[in-house]
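In: next comes the sequence, and after it the predicted model I'd like to discuss.
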Protein chains: 2
Amino acid sequence: MKTFERDLIRRLGASAAAPRPDGGIVLGIGDDAALFAPRRGYETILTCDWFLEGTHFLLEKHPPDAVGWKCLARAVSDIAAMGGEPRFFLLSLALLETHTGRWLDAFLTGLRRAAQKFRCPLAGGDTTRQRGISINVTVAGEVRTGRAVLRSGARPGDILYVSGRLGEAEWGLRELRGKSRRDKNAAALKKHLCPEPRLVLGRWLSGSRMAAAMMDLSDGLSTDLPRLCAASGVGTRIEAAEIPTVEVGSRRGVKNLDPLDLALNLALDGGDDYELLFAVRPDKARRMPQVFHGIPLTAIGVITRERSLTLVRRDGGEEPLRARGWDPFRK
Amino acid sequence: MKTFERDLIRRLGASAAAPRPDGGIVLGIGDDAALFAPRRGYETILTCDWFLEGTHFLLEKHPPDAVGWKCLARAVSDIAAMGGEPRFFLLSLALLETHTGRWLDAFLTGLRRAAQKFRCPLAGGDTTRQRGISINVTVAGEVRTGRAVLRSGARPGDILYVSGRLGEAEWGLRELRGKSRRDKNAAALKKHLCPEPRLVLGRWLSGSRMAAAMMDLSDGLSTDLPRLCAASGVGTRIEAAEIPTVEVGSRRGVKNLDPLDLALNLALDGGDDYELLFAVRPDKARRMPQVFHGIPLTAIGVITRERSLTLVRRDGGEEPLRARGWDPFRK
């Protein structure tokens, strides 16, 4: 093991996985690869996510502990979106030599906190040096065989739900960038910096068979919802008035937009919310709670047979839903 | 799914994994994560590896199809080193927009070829854009429960073996960089550009219980051997005269070194060989073939109780083995 890797592991301390005789991680850090004993009756979920300086975070704006938290939270959110539970993660870290001291310490503090919170210990990885900071996180999780909730399960007539409030993380990012100093919103800033993957909700929606299709919102509703519809071979009709939005204050906002319009734009096109988007059969929707463990669950529209994507405006008019969310290769 | 991702998947074509009803990959590309049904009686192996422009490859020197092959081969080699077999991989690709055309086509051709060769289809990943080219590959593999060969299994008296010839890839890199034009060595160049992980050998060493400890040589014998010894809590004594080296020609080589010394330096300190280093109990060593499926297997020394690492020179003198292999944070 390289000196730097050994040092990193020492610093990660309690968040590194110890081999467990009861299954789970058989072998953690220090060999050629991690060894994992899958539980009988479960399928393994695997996902990996970039977190790149300059693309996903800004060195001069994002505190390193938030970078540590968020790189794991993003990947864990994909596990939540399948209805699974995370088991462990691999960390690939490419660092500037100038950032192996204090920056790395704070990064690891945030990462360790996230690993403890999500019960997802470190089990291996790869470290190297580079001209910038690049992070890639692989998370392995588990779900009972046959219970994973896919994007492809939506049917015409299903009710479409979202958890939480949309656009909050994007509003938080604008606060961080200093573009919206007038109306401070600590919750939005926290949501941008330290998102909480909806693990408990995802597991409940899967375990209770309430959700027929599900995904997490990482690139904005207007970009992610078409993906769910495409996977299911359906369309949708959502109501602007029903979408739970962020509180942007009462004064006229960015680009002189009406606050309601600004909030709607943030909800449709803002990324990084890590809320769950899910479709529920109409008979089950009657039993859907309005709040689950403190998280609001809101019906925002229906799944349609016609494959078009329609947004019903507050004034009752209709328009096609246009994907304006985050896509690194579009802008 | 993002436009670019969809396009990427289309281009990867046959190397993407189709869901299989017989277990294996239940769900490949296109959902929040990959779903994998582990086989009963097997443990899951997980490994991830960086392949970064400027650190691991040079845009102006390395052909893109070799970059595609090698990024997967490196990670698959970790599976070989545990005695396992690869099942599928996740690709994290961060690209310059200027390289989404011809460069990407050739990259994917090499990657597809490697995926077919190693029977390791693509099952998901993450794509984004960046100022440089960054690649991270996660490979999931399997090994029969309890049969993974770890670094920690070596005992005093074990015989230490290596597969193939060491230093060949480093020699190939020098050829590529134009530092050794005089004596062309196509095999060395091929080994640097398109290494072949020792999958069949690794599985045999694990399945036959011949190897008590094993790892792959990625950073050079002088750097990797101390890792195996540290994990096993032992020392070693290796013979310079026994180490299988690369043919560097008869003329005096780089820095006016004697060809034999140059070859030994390459073997000790050259990286990227992806050969296997393994320890065998003395009674089993008697049954070790000299060649396995065309790959030479060579005893280079013994494992000792004393924790020191000793190199016996050709003249019979002894010196400590010094780690001079590849370590991104040392130079």
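Out: All right, it came through fine.

In: remind me which residues of the stretch 151-300 of chain A are low pLDDT?
Out: Residue ranges of the stretch 151-300 of chain A with pLDDT under 70: A:179-183, A:250-255.

In: 90 instead?
Out: Counting by pLDDT under 90, the stretch 151-300 of chain A contains low-confidence residues at A:174-187, A:247-259.

In: can you map out the helices along it?
Out: With DSSP state H, counting those that start in this stretch applied, the stretch 151-300 of chain A shows helices at A:168-176, A:186-193, A:199-207, A:221-232, A:259-269, A:282-285, listed in chain order.

In: can you put those helices in a markdown table and add mean neighbour count and distance to B:N136?
Out: Any C-beta I mention is one placed from the backbone N, CA and C, and that applies to glycine too. What follows is these, written out as a markdown table (neighbours: other Cβ atoms under 10 Å in any protein chain shown; distance: least, Cβ to Cβ, whole Å):
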| stretch | mean neighbour count | distance to B:N136 |
| --- | --- | --- |
| helix A:168-176 | 25 | 24 |
| helix A:186-193 | 20 | 24 |
| helix A:199-207 | 20 | 24 |
| helix A:221-232 | 22 | 23 |
| helix A:259-269 | 21 | 28 |
| helix A:282-285 | 13 | 39 |
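
In: output those as a markdown table; include the columns distance to chain B.
Out: Putting the helices of the stretch 151-300 of chain A into a markdown table (distance: least, Cβ to the nearest Cβ, whole Å) gives the following:
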| stretch | distance to chain B |
| --- | --- |
| helix A:168-176 | 17 |
| helix A:186-193 | 18 |
| helix A:199-207 | 10 |
| helix A:221-232 | 6 |
| helix A:259-269 | 15 |
| helix A:282-285 | 21 |
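
In: just put these in CSV and tack on distance to A:C48.
Out: What follows is the helices of the stretch 151-300 of chain A, written out as CSV (distance: least, Cβ to Cβ, whole Å):
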stretch, distance to A:C48
helix A:168-176, 21
helix A:186-193, 22
helix A:199-207, 18
helix A:221-232, 18
helix A:259-269, 25
helix A:282-285, 32
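
In: out of these, nearest to B:T298?
Out: Judged by Cβ to Cβ, the one of the helices of the stretch 151-300 of chain A that comes nearest to B:T298 is helix A:199-207, at 50.6 Å.

In: CA atoms of the closest one as CSV?
Out: Extracted C-alpha coordinates of helix A:199-207, given in CSV (Å, rounded to 0.1, in the frame of the first residue of the first chain):
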residue,chain,number,x,y,z
LEU,A,199,-32.9,6.2,2.3
VAL,A,200,-35.7,5.5,4.8
LEU,A,201,-38.4,6.7,2.4
GLY,A,202,-36.9,4.8,-0.5
ARG,A,203,-36.9,1.6,1.5
TRP,A,204,-40.4,2.1,2.7
LEU,A,205,-41.7,2.8,-0.9
SER,A,206,-40.0,-0.4,-2.0
GLY,A,207,-40.8,-2.6,1.0
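
In: for the helices of the stretch 151-300 of chain A, which one sits closest to A:L321?
Out: helix A:221-232 (5.7 Å).

In: contacts for that closest one?
Out: Residues outside helix A:221-232 that contact it (Cβ atoms under 8 Å, 6 or more residues apart in numbering or on different chains): A:150-155, A:160, A:162, A:166, A:213, A:215-218, A:235-236, A:238, A:243, A:267-269, A:271, A:277, A:279, A:303, A:307, A:309, A:321-327, B:1, B:30-31.

In: can you give me how far that helix is from the chain middle?
Out: Chain-centre distance of helix A:221-232: 15 Å, with Cα atoms, centre = their mean, to the nearest Å.

In: and the angle from that helix to helix A:259-269?
Out: For helix A:221-232 against helix A:259-269, the angle by axes from the mean of the first three to the mean of the last three Cα atoms, to 10 degrees is 40 degrees.

In: give me the longest helix you can find in chain A.
Out: Across chain A, the longest stretch assigned as helix under DSSP state H is helix A:64-81.

In: which helices and strands does it pack with?
Out: Counting contacts by 3 or more Cβ pairs under 8 Å, 6 or more residues apart in numbering or on different chains; DSSP states H and E, helix A:64-81 is packed against strand A:42-52, strand A:85-95, helix A:102-117, strand A:134-144, helix A:186-193, helix A:199-207, strand A:213-217.

In: apply 7 Å and report the result again.
Out: strand A:42-52, strand A:85-95, helix A:102-117, strand A:134-144, helix A:199-207, strand A:213-217 (3 or more Cβ pairs under 7 Å, 6 or more residues apart in numbering or on different chains; DSSP states H and E).

In: show me the one of those that comes nearest B:F88.
Out: Going by Cβ to Cβ, the one of the helices and strands packed on helix A:64-81 nearest B:F88 is strand A:42-52, 8.4 Å.

In: closest one to A:L35 among the helices of the stretch 151-300 of chain A?
Out: Here helix A:199-207 is closest among those (Cβ to Cβ), at 24.3 Å.

In: and the angle from that closest one to strand A:134-144?
Out: 40 degrees.

In: centre of the chain to helix A:199-207, how far?
Out: Taking mean C-alpha positions (Cα atoms, centre = their mean), helix A:199-207 and its chain are 14 Å apart.

In: on that earlier part again, can you turn the buried part of the contacts of helix A:221-232 into a ChimeraX selection?
Out: Selecting only the buried entries of those in ChimeraX, with 16 or more other Cβ atoms under 10 Å in any protein chain shown as the criterion:
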select /A:150,151,152,153,154,160,162,166,213,215,216,217,218,235,236,238,243,267,268,269,271,277,279,303,309,321,323,325,326,327 /B:1,30,31
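
In: so which of the contacts of helix A:221-232 belong to strands?
Out: Residues of these located in strands (DSSP state E): A:160, A:162, A:213, A:215-217, A:235-236, A:238, A:277, A:279, A:303, A:309.

In: closest to A:L111 among those?
Out: Among the ones in strands among the contacts of helix A:221-232, and counting by Cβ to Cβ, the member closest to A:L111 is A:D216, at 19.9 Å.

In: if I look at the closest one, how far off is chain B?
Out: According to Cβ to the nearest Cβ, to the nearest Å, A:D216 stands 6 Å off from chain B.

In: burial count for the closest residue to that residue other than its chain neighbours?
Out: Closest residue to A:D216 apart from its sequence neighbours, by Cβ to Cβ, 6 or more residues apart in numbering or on different chains: A:A81 at 3.8 Å. Using other Cβ atoms under 10 Å in any protein chain shown, the number of residues around A:A81 comes to 34.
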